[in-house]
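*Asks:* Predicted model and sequence follow; I will ask about them next.
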There are 2 protein chains.
Amino acid sequence: VNDKLLKALHGQNEGHPPVWLMRQAGRYLPEYRKIREHHTFMEMCRSPELVTEITLQPLRRFGFDAAILFSDILVVPDALKLGLSFEEGVGPVFAHPLKSAADVDRLPSIHIAESLKYVFDAIKMLKPELNVPLLGFAGAPFTVASYMIEGGSSKELRNTKQWMLRDPDSFHRLLGILTKHTIDYLIEQYRSGVNAVQVFESWAQMLAYPQFKEFSLPYLKKIVDALKKEHIPVIIFARGSSLLADDLAALHPTCLSIDWNGNLPSIRQSVGDKISLQGNLDPETLLNPGTIVQREARRILTQMKGDPSFIFNLGHGILPETPVDSVKALVDAIRENG
Amino acid sequence: VNDKLLKALHGQNEGHPPVWLMRQAGRYLPEYRKIREHHTFMEMCRSPELVTEITLQPLRRFGFDAAILFSDILVVPDALKLGLSFEEGVGPVFAHPLKSAADVDRLPSIHIAESLKYVFDAIKMLKPELNVPLLGFAGAPFTVASYMIEGGSSKELRNTKQWMLRDPDSFHRLLGILTKHTIDYLIEQYRSGVNAVQVFESWAQMLAYPQFKEFSLPYLKKIVDALKKEHIPVIIFARGSSLLADDLAALHPTCLSIDWNGNLPSIRQSVGDKISLQGNLDPETLLNPGTIVQREARRILTQMKGDPSFIFNLGHGILPETPVDSVKALVDAIRENG
């Protein structure tokens, strides 16, 4: 059993850093695209057999040091009856986005253990197949709320920002509801077999600083506190984490996942050595030949050499256009130079 | 004569901070759109009469504490014969983007004083009409290079990033050429009558940190050094400036313009009081009713109250959708609460 990831989360890794990639089970893999041809995205998420197969695909090819459950951060609002679907080239679309405070107050009461049973079943089927740690995950409340309001992906989060400025009370009610479900969801994932969880605040960098402090940070704190009470290791990812590292580190998560804008040694110096750091290669790097991928990866490996709580990852999810050979070159460089 | 802006640049402002807005002369103004109906964007840039009229429009309405020359950062590559045009809803488009290192080496030798004479003529016509300081500006070399390579606006700067990783030598040659022209251009703007200049590194936040250090920062330093030798006050704007503030402050520009992600008091503490700070209201805030605009503006005014070198601005350019009443409300709040 390879437990390098868990060791790094506890500051006890030796040798090369563990490596996994955000969205490592996904569209850049031909074997994934083959399954996707025959199923909708949500069919894939809802089938324990397909989740197991897709989660295992990148491990077979590259031998990553961790698996991450194949799923999506938007299964929570889907359970809240917003009607999630995924269109090729468009991304997630909600049939019933939130339009008003009344829509927030009409959200159904749900029990996560039932509504998202398909996720927990998948974890239970998948777990015995693995010889590396399994990561669960969820979206952070602000990020998930923004999708629920925008109805899908959005460049500026214009509706979300207007809502939070014009009616902060109902926005906080929505964040409170999502926080409760997110905690239940992550604890149930842990009980089903994941070894650690990652919380994705993918849109933090869209927020002005006072908005981050009001609408993101307190809810992340509630989630981290609840998970730590259950002794569940938790990684916080945020686009904007380079800038927000000190605020996020003050929540005392097990690990901070750093976007590709920041300098890892400066962040390590600033947050101290009681916290794991994960990151932070620019995903665009992987669109280049292997020699260039390896040169850029070595910069990070050299910077973080000997750090017992460093986890190699990208600064954001792997791009669908990524050649598999580049991923192979990356993993080779890490194994050779750690 | 209102010289609050110059006083703030020298750390000597009293009372409310000076205020101006990036792209204050632009599409959100009905009187601007009326002119735009009858002219292409480049016709407007090339006509000293239209530049004068458009630059004055926001001053008449709002009484800003500074004028900024109506022009575009891409007139420099236009002078290099890349064939610039602007399409409604698309943005800038180059007819002849750079495709290879050979294209860089084929860039024509130009004399900025001749090639961009229309800009300097406009400054000379405009300057006597003003009772506030006039700001000139230029794009930073990396940002301008990225437009030249992408052929226009781009979400990921994919071609640019691949070029810089695969062929850094020719990329540095391009940055060197642009740096020389940018310095000539800004010095000639100053000689024609502008009181200070702003350099826009609009895409800094797209860069991984080692790329920022290699491809952006050294060229910004050359520009700042050259301008300070001529005693020209210089403001550096960067998307990403909240994160990069310490690196940018180490260049000793007169002023740093901060994007809307950061917390101004923290940045003031970090960079010290020898540098002006400008910013940093989220432009999306202005899409809300005046009472909300004023509430959010007062957060910043309260934070920076009594700071003799603070300049109120947005964190990025004003949005075309901005209602003029919101801008009026913003300016009123600053005058009343400074």
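*Replies:* It's in.

*Asks:* okay, CA-based contacts and neighbour counts for the rest of this
*Replies:* Fine.

*Asks:* show me the contacts for residue A:127.
*Replies:* Residue A:127 sits next to A:134, A:193-194 when contact means CA atoms under 8 Å, 6 or more residues apart in numbering or on different chains.

*Asks:* Pretty sure it sits in a strand.
*Replies:* No. Using DSSP: H, G, I helix; E, B strand; the rest coil, the assignment for residue A:127 is helix, not a strand.

*Asks:* what ranges do the helices span in the stretch 51-200 of chain A?
*Replies:* A:75-79, A:101-105, A:112-115, A:117-126, A:141-150, A:158-166, A:168-192 (DSSP state H, counting those that start in this stretch).

*Asks:* Turn those into TSV, including distance to chain B, mean neighbour count and mean pLDDT.
*Replies:* Listed next are the helices of the stretch 51-200 of chain A as TSV, based on distance: least, CA to the nearest CA, whole Å; neighbours: other CA atoms under 10 Å in any protein chain shown; pLDDT from 0 to 100:
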stretch	distance to chain B	mean neighbour count	mean pLDDT
helix A:75-79	26	20	98
helix A:101-105	17	13	98
helix A:112-115	34	16	97
helix A:117-126	33	20	98
helix A:141-150	15	24	98
helix A:158-166	7	18	97
helix A:168-192	11	19	98
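
*Asks:* which one of those lies closest to residue B:149?
*Replies:* Counting by CA to CA, residue B:149 lies closest to helix A:158-166 out of the helices of the stretch 51-200 of chain A; the figure is 29.6 Å.

*Asks:* Enumerate the residues of the stretch 151-300 of chain A near chain B.
*Replies:* A:158, A:161-162, A:165-166, A:205-210, A:242-243, A:260-263, A:281-282, A:284-285, A:287-288, A:292 (CA under 8 Å from any CA of the partner chain).

*Asks:* run the last query once more with 7 Å
*Replies:* A:162, A:205, A:207-209, A:243, A:260-263, A:282, A:288 (CA under 7 Å from any CA of the partner chain).

*Asks:* Check chain A and tell me which residue is nearest its centre.
*Replies:* Geometric centre of chain A, nearest residue: residue A:200, 4.3 Å, by CA atoms, centre = their mean.

*Asks:* partner residues bridging that one?
*Replies:* Note on residue A:200: beta-bridge partners by DSSP bridges are residue A:139, residue A:237.

*Asks:* among the helices of the stretch 51-200 of chain A, which is nearest residue A:248?
*Replies:* Taking these one by one with CA to CA, helix A:141-150 is closest: 14.6 Å.

*Asks:* which residues touch the closest one?
*Replies:* When contacts are defined by CA atoms under 7 Å, 6 or more residues apart in numbering or on different chains, helix A:141-150 is touched by residues A:74, A:97-99, A:153, A:157, A:159-160, A:175, A:178-179, A:201-203, A:215-216, A:219.

*Asks:* Relative to residue B:85, which of the helices of the stretch 51-200 of chain A is closest?
*Replies:* helix A:158-166 (28.2 Å).

*Asks:* Let me know the angle separating that closest one from helix A:168-192.
*Replies:* 120 degrees (axes from the mean of the first three to the mean of the last three CA atoms, to 10 degrees).

*Asks:* Now that you've got the contacts of helix A:141-150, can you turn the buried subset into something I can paste into PyMOL?
*Replies:* Only the buried entries of those go into this PyMOL selection, using 16 or more other CA atoms under 10 Å in any protein chain shown:
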select buried, chain A and resi 74+97+98+153+157+160+175+178+179+201+202+203+215+216+219
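
*Asks:* Give me the contact list for stretch A:42-52.
*Replies:* Contacts of stretch A:42-52 (CA under 7 Å, 6+ apart): A:70-71, A:85, A:118-119, A:121-122, A:125-126.

*Asks:* The same query, at a cut-off of 6 Å, please.
*Replies:* Stretch A:42-52 has contacts (CA atoms under 6 Å, 6 or more residues apart in numbering or on different chains) with A:70-71, A:118, A:122, A:126.

*Asks:* One more: stretch A:61-81?
*Replies:* A:18-20, A:45, A:51, A:55, A:84, A:115, A:132-136, A:138-139.

*Asks:* Show me what counts as buried in the lowest-mean-pLDDT helix or strand in chain A.
*Replies:* Within chain A, confidence by mean pLDDT, DSSP states H and E is lowest for strand A:84-87 among all helices and strands, at a mean of 92. With burial defined by 16+ other CA under 10 Å, the residues of strand A:84-87 counted as buried are A:84-85.
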